[in-house]
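**Q** Show me how the following folds:
(chains A and B)
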Amino acid sequence: MNQEVIEQLPLPEFAKVRYRPWHLEDLDAGQGSSHNPHFAHDGQTGAEIAGQAVAFHHLSEELHEAGVIVTNIQSAREEYQDLVDQVLGKVVDPGRDRLTAANFDQFNTGLFVYIPAGVTVKPVLHLYLDHLAENGDMAAHNLVYVGRDSEATILQETHTVGEGTSKVSIVTEVLAARNAKLTYANLDALSEDTAAFMHRQSNLQDDARVDWVNAAFNDGNVIAGLTSKLIGEGAHTEAKVAAFTNRKQVQGFNTELINTGRHTIAHIFQRGVILNSSSLIFNGIGRIIKGAKGSDGQQESRVLMLSRRGRGEANPLLLIDENDVTAGHAASVGQVDDEQLYYLMSRGLTQQVARKLVIRGFIGEILAKIPDPQTRQDLVNQIERKLAHENV
Amino acid sequence: MKTLKVENLHVNVAGKEILKGVNLTVNTGEVHAIMGPNGTGKSTLSQAIMGHPAYEITEGKITFDGQDLAEMSVDERARAGLFLAMQYPAEIQGVTNAEFMRAAVNARRPEDDQIGVLPFMKELDKKREFLSMSAEMANRYLNEGFSGGEKKRNEILQMMMIQPSIAILDEIDSGLDIDALKVVSRGVNSMKSDDFAVLMITHYQRLLDYIVPDFVHVMMGGRVVKTGGPEMARKLEAEGYAGLRDELGLDIVLTDEDADEDITGGLI
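**A** Residues are numbered from 1 along each chain as shown, chains lettered A, B, ... in the order given. Have a look, this model is predicted:
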């Protein structure tokens, strides 16, 4: 796609989020590498990509022999072109909007994961994508292809490393073949000086299952799209999103699940916490296409406001074009419950500790789904860090 | 010995005076029961002692171990040794029972002597079994989806883990069948010592068959109108609160009488 065509595409629609001032469309993907891992450590299975380099890589002999591939996308394009072609641009339409098109045009880093048919990957695949801020903007494209009857759990962390004001664009395409089972957990931790556009999408074939568990713990401005298309009959997706916003940050989320196949199940569960004068917007979109008989679409989005200066929204949208379905939604924006605080304090907990427990509990159901105890603990520490800055 | 002393206590809730001069002294080593008809201020008294922000003290005071409670926050009162088993405990999603109780136990211990997970769990298991509670309750979210009876047991379990000096039990018997009542009573009785006092609030004499009080106080119209021994509870059960009111010559309308009159009034 040439520049002229890209510039004529519309910007993606994130209702109630004013992101134009971030100039995400002026992306200029930087070059540069770091050869030492910043996050991955011995004993883990997976990879860390830092700029254009693979800083860490480990797969057991057994997984190698089974044909599992975990590498960066540049190498994958050279070595596994046919596999890449089956996913790249096949899950996400490159022309869906201007920011997505710019990603397709510029990406020069990202992760590639391939699980062949009938393979169960037992250890959690730890994937790290480092945005090296000193090299400027990052355009990353992740591809995950989970073959028929295979199973895997991915825990991906996306961090900013180093200082510098920059932009990030990440598009992730996931293809889950017939009866594939994938849990894809994400911890997003980009810095305060990083403005980001993210779009994650999974397409599910018959009886496939993809569970998203996304913890948006960025410190900067972010718009994040998450889409699951339930194309095959009996496909099932659970999309869980936990978000924390603090200071003057804005984070906007479009979480869209599309039931196309018959007897498909699509559930959205979102929890957001707002500190200081930050804004957090959850747009939950459930679409049930005509012909998706016997399908179920549910969504629940809740926002906890810890500050009067913040802004929070939970906007549910259900678009149903089929009669034989079940669907529902719940949304709320509220404050910490005084009766809960009183109860906890009546057992001797200080107000500070009581509040922390209530807040942690609020997103606890999502945290519990993060497939690694150390990462769960890191997230709890992150929450404490954000709460410590509460009155800054 | 520690003493909880309530002196001429007046309390407003939402601008309405509920307590109109309560006097009461509870020492560690003693078991007290407060009885009284509905709407007479029993729960208000317990919430005022614990420090619920909606309960405003307009006159009089409460002291614990010589300290004026008005100067202490809710959590300070708890750490000083007060405990309130609530009638309607809050449900908190995402926080497990065990995690919460360990935080509560540690809140009363010095920074350098916090109880670790393993010794805590051992202690919790012991007390949980004593109360015939299932093992899975430790990992369930705090009070979430608990039945009425499970909530009551959970309050008693917390009391046994936290080991307060004075425990106020607000209608711990309501909604319990006889077996559950026995279990809960066994928990309370196991705590009895010279360093522990109980103040039970109840409608029914039945509870007092299992936890035998040293003192029974009757509240009516926002005051303690009579104090006696366990025999008084049995007399009340037989004669009702209206009988005692008339005997004392009090000019108080009882809530349930009120309701009766309303019904008749509406019909005629």
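**Q** residues near the residue nearest to A:Q340 when sequence neighbours are not counted, how many?
**A** Counting by CB to CB, 6 or more residues apart in numbering or on different chains, B:A90 is the residue found nearest to A:Q340 once chain neighbours are left out, at 4.6 Å. C-beta here means a position set from N, CA and C on the backbone, and glycine is covered the same way. Neighbours of B:A90 under the rule other CB atoms under 10 Å in any protein chain shown: 18.
**Q** quick one: contacts of stretch B:193-201?
**A** Outside stretch B:193-201, the residues within contact range by CB atoms under 8 Å, 6 or more residues apart in numbering or on different chains are B:1-2, B:4, B:26-34, B:42-43, B:45-46, B:163-172, B:188, B:191-192, B:207-208, B:211, B:213.
**Q** re the thing from before, give me the pLDDT for the residue nearest to A:Q340.
**A** B:A90 is assigned a predicted lDDT (pLDDT) of 95.
**Q** wait, it sits on A:R347?
**A** No - at 10.8 Å, B:A90 does not count as touching A:R347 under the criterion of CB atoms under 8 Å.
**Q** which residues touch the nearest residue to B:M86 once chain neighbours are set aside?
**A** Distance criterion CB to CB, 6+ apart; nearest residue to B:M86, sequence neighbours excluded, is B:D170 at 5.9 Å. Counting by CB under 8 Å, 6+ apart, B:D170 touches B:42-43, B:46, B:84-87, B:201.
**Q** Of the residues you listed, which is the nearest to chain A?
**A** The shortest approach to chain A among these belongs to B:L84, at 5.6 Å (CB to the nearest CB).
**Q** Quick check: can you name the pairing partners of the helix or strand in which the closest one is found and their directions?
**A** B:L84 is part of strand B:82-85 when elements are defined by DSSP states H and E. Here strand B:82-85 is paired, per DSSP bridges, with strand B:166-170 (parallel).
**Q** Give me the spatial nearest neighbour of B:Q67, chain neighbours excluded.
**A** B:Q67's closest residue in space is B:A80 (CB to CB, 6+ apart), at 7.0 Å.
**Q** what sits against the one you found?
**A** B:A80 sits in contact with B:64-65, B:67, B:72, B:165, where contact means CB under 8 Å, 6+ apart.
**Q** One more: A:G162?
**A** Per CB under 8 Å, 6+ apart, neighbours of A:G162: A:132-134.
**Q** Just the pLDDT for A:H389.
**A** For A:H389, the model assigns a pLDDT of 74.
**Q** should've said B:R245
**A** Looking at B:R245, its pLDDT is 88.
**Q** And for it, the neighbour number?
**A** Here the count is done by other CB under 10 Å, and B:R245 has 21 residues near it.
**Q** again with B:I115
**A** 14.
**Q** So it is in contact with B:A107, correct?
**A** No - at 10.9 Å, B:I115 does not count as touching B:A107 under the criterion of CB under 8 Å.
**Q** For the stretch 51-200 of chain B, which residues are neighbours of chain A?
**A** B:51-53, B:73-75, B:77-79, B:83-84, B:86, B:89-90, B:92-95, B:99-100, B:103-104, B:107-108, B:141-142, B:158, B:162 (CB under 8 Å from any CB of the partner chain).
**Q** Could you pick out the buried ones from these?
**A** B:51-52, B:74-75, B:77-79, B:83-84, B:86, B:89-90, B:92-95, B:99-100, B:103-104, B:107, B:141-142, B:158, B:162 (16 or more other CB atoms under 10 Å in any protein chain shown).
**Q** So which of the residues you listed are in helices?
**A** Judged by DSSP state H, these include B:74-75, B:77-79, B:99-100, B:103-104, B:107, B:158, B:162 as members of helices.
**Q** What ranges does the chain have for its helices?
**A** Since no chain was named, I'll use chain A. Using DSSP H, helices in chain A cover A:3-8, A:61-66, A:73-79, A:81-87, A:98-106, A:338-345, A:351-362, A:364-367, A:373-388.
**Q** The intended chain is chain B.
**A** B:42-50, B:74-80, B:97-107, B:117-130, B:148-162, B:178-191, B:206-210, B:230-248, B:255-267.
**Q** and of the ones you listed, who's closest to B:V218?
**A** helix B:230-248 (6.3 Å; CB to CB).
**Q** Who are the packing partners of the closest one?
**A** strand B:31-35, strand B:215-220, strand B:223-228 (3 or more CB pairs under 8 Å, 6 or more residues apart in numbering or on different chains; DSSP states H and E).
**Q** Kindly compare burial across those and name the winner.
**A** strand B:31-35 (a mean of 24; mean count of other CB atoms under 10 Å in any protein chain shown).
**Q** Just give the closest residue to B:R77, not the sequence neighbours.
**A** B:G51 is the one closest to B:R77 (CB to CB, 6+ apart), at 5.5 Å.
**Q** what about B:E171, distance to B:V184?
**A** 11 Å (CB to CB, to the nearest Å).
**Q** who has more neighbours, these two?
**A** Neighbour count, other CB under 10 Å: between B:E171 and B:V184, B:V184 has more, with 25 against 21.
**Q** Tell me how many other residues crowd the residue lying closest to A:E7 once chain neighbours are set aside.
**A** In this structure, A:E7 finds its nearest non-sequential neighbour in A:R98, 7.0 Å apart by CB to CB, 6+ apart. Around A:R98 there are 20 other residues, counting by other CB under 10 Å.
**Q** and A:R98, what pLDDT?
**A** For A:R98, pLDDT reads 97.
**Q** same thing with B:K235?
**A** For B:K235, pLDDT reads 87.
**Q** Tell me if I'm right that A:A224 and A:V250 touch.
**A** No - applying CB under 8 Å, one finds A:A224 not in contact with A:V250, separated by 11.4 Å.
**Q** Please identify which of these two sits among more neighbours.
**A** Ranked by neighbour count (other CB under 10 Å), A:A224 and A:V250 place A:A224 first, with 23 against 20.
**Q** For chain B, see how far away the more buried one is.
**A** 22 Å (CB to the nearest CB, to the nearest Å).
**Q** Relative to A:A243, how far out is that residue?
**A** 9 Å.
**Q** Could you tell me which residues touch both of these two?
**A** Common neighbours of A:A224 and A:A243 (CB under 8 Å, 6+ apart) are A:216, A:251, A:253.
**Q** Make a markdown table out of the residues you listed and add pLDDT, distance to chain B and neighbour count.
**A** Shown next, in a markdown table, are the shared contacts of A:A224 and A:A243 (pLDDT from 0 to 100; distance: CB to the nearest CB, whole Å; neighbours: other CB atoms under 10 Å in any protein chain shown):
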| residue | pLDDT | distance to chain B | neighbour count |
| --- | --- | --- | --- |
| A:A216 | 97 | 17 | 23 |
| A:Q251 | 97 | 21 | 27 |
| A:F253 | 98 | 20 | 26 |
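**Q** Out of the residues you listed, which sit inside strands?
**A** Among the shared contacts of A:A224 and A:A243, the residues falling in strands (DSSP state E) are A:216, A:251, A:253.
**Q** So for residue 50, what pLDDT did the model give?
**A** Here I'm looking at chain A. Reported pLDDT for A:A50: 96.
**Q** not what I meant, chain B
**A** So B:M50 comes in at 98 (pLDDT).
**Q** Now it: closest residue in space that isn't a chain neighbour?
**A** That would be B:L84: by CB to CB, 6+ apart, it lies 4.3 Å from B:M50.
**Q** Just list whatever residues bridge to the one you found.
**A** Beta-bridge partners, per DSSP bridges, of B:L84: B:I168.
**Q** Verify the stated contact: it with B:Y55.
**A** No - in this structure, B:L84 is not within contact of B:Y55 by CB under 8 Å, at 11.9 Å.
**Q** Pick out the residue in the stretch 101-250 of chain A sitting closest to chain B.
**A** The nearest approach of the stretch 101-250 of chain A to chain B comes at A:A242, 10.6 Å away (CB to the nearest CB).
**Q** my read: that residue touches A:G361, true?
**A** No - if you go by CB under 8 Å, A:A242 and A:G361 don't touch, sitting 12.0 Å apart.
**Q** who's more crowded, the two?
**A** Neighbours were counted for A:A242 and for A:G361 using other CB under 10 Å; A:A242 has more, 25 against 22.
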